[in-house]
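Q: next comes the sequence, and after it the predicted model I'd like to discuss.
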Amino acid sequence: MTKGPYNTKQRQAVRAFLDAHADRYLSVDDVFGTMRQEGSGIGRTTAYRTLESLVKEGTVAKVVAPGGGESRYRMIDPAHPDEGQLVCLDCGRVLPLDCDMLVSFGSHVLREHGFAISFSRTVLYGHCADCMDTAERQAAESALNEAASHHKGSCTCGQRGEEVSC
């Protein structure tokens, strides 16, 4: 019989901290530093090991920052465990990626490319509405419209080099 991890005070404190900050991905130093500022005696190594243990259990999501930066952690919403995330590069805010379009996109990728997407680990980085000013929003919309006009309804499959309908 395999024992689960001990439910220590430190482990409970890290879980409670992540629950209280569920709208953001946090680094080990974010967790450790803020908990220490709030009076916790938790050590950095304990925080790291607890986060990694929670990842292995499937209760915490772990992502690597763009460009190979430090890993960041966030509680997985038990009501939506297979939901992807949108992460703001400016403020770090996390928004759910629960668009119905993802189902058809996932089906296309599986059917045409032979690749099954793990949506619970899917993270798209960009800028949230609060951080993006009007000019940036207009530039982003213009760029998307331009890209859409060049790629209407098809993609080039890297495996086969043929166009397939999306």
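A: Yep, that arrived.

Q: tell me the centre residue of the protein?
A: Per CA atoms, centre = their mean, the C-alpha nearest to the average position across the chain is that of residue 123, at 3.8 Å.

Q: quick one: contacts for that one?
A: Taking CB atoms under 8 Å, 6 or more residues apart in numbering as the contact definition, residue 123 lies against 63, 84-87. To be clear about C-beta, it is placed using only N, CA and C from the backbone, and glycine gets the same treatment.

Q: got the phi and psi for residue 101?
A: Backbone geometry at residue 101, expressed as degrees, to the nearest 10, gives phi -60, psi -30.

Q: follow-up on the earlier one: looking at the contacts of residue 123, which is nearest residue 11?
A: Proximity of the contacts of residue 123 to residue 11 was ranked by CB to CB; the top entry is residue 63 with 21.3 Å.

Q: for the closest one, give its distance to residue 120.
A: In this view, residue 63 and residue 120 are 11 Å apart by CB to CB, to the nearest Å.

Q: do the same with residue 80
A: Separation of residue 80 from residue 120 (CB to CB) stands at 9 Å.

Q: between the two, which is the more surrounded one?
A: With neighbours defined as other CB atoms under 10 Å, residue 80 and residue 120 compare such that residue 120 has more, 16 against 13.

Q: show the contacting residues for that one.
A: Contact analysis of residue 120 by CB under 8 Å, 6+ apart lists 61, 76, 81-84.

Q: gap between the helix ranked longest in the chain and the chain center?
A: Among the elements of the chain assigned as helix by DSSP state H, the one spanning the most residues is helix 134-150. In this view, helix 134-150 has its centroid 24 Å away from the chain centroid, taken as CA atoms, centre = their mean, to the nearest Å.

Q: just checking, what packs against it?
A: Using 3 or more CB pairs under 8 Å, 6 or more residues apart in numbering; DSSP states H and E as the contact criterion, helix 134-150 has no neighbours among helices and strands.

Q: pLDDT (mean, whole number) over it?
A: Regarding helix 134-150, the rounded mean pLDDT is 74.

Q: now stretch 78-98
A: For stretch 78-98, the mean per-residue pLDDT is 81.

Q: gap between the two ends of it?
A: 14 Å (CA to CA, to the nearest Å).

Q: residues of that stretch that come out buried?
A: Neighbour-count burial for stretch 78-98 flags 83-88, 92-94, 97 (criterion: 16 or more other CB atoms under 10 Å).

Q: that stretch: how far from the chain's middle?
A: In terms of CA atoms, centre = their mean, the gap separating the centre of stretch 78-98 from the centre of its chain is 6 Å.
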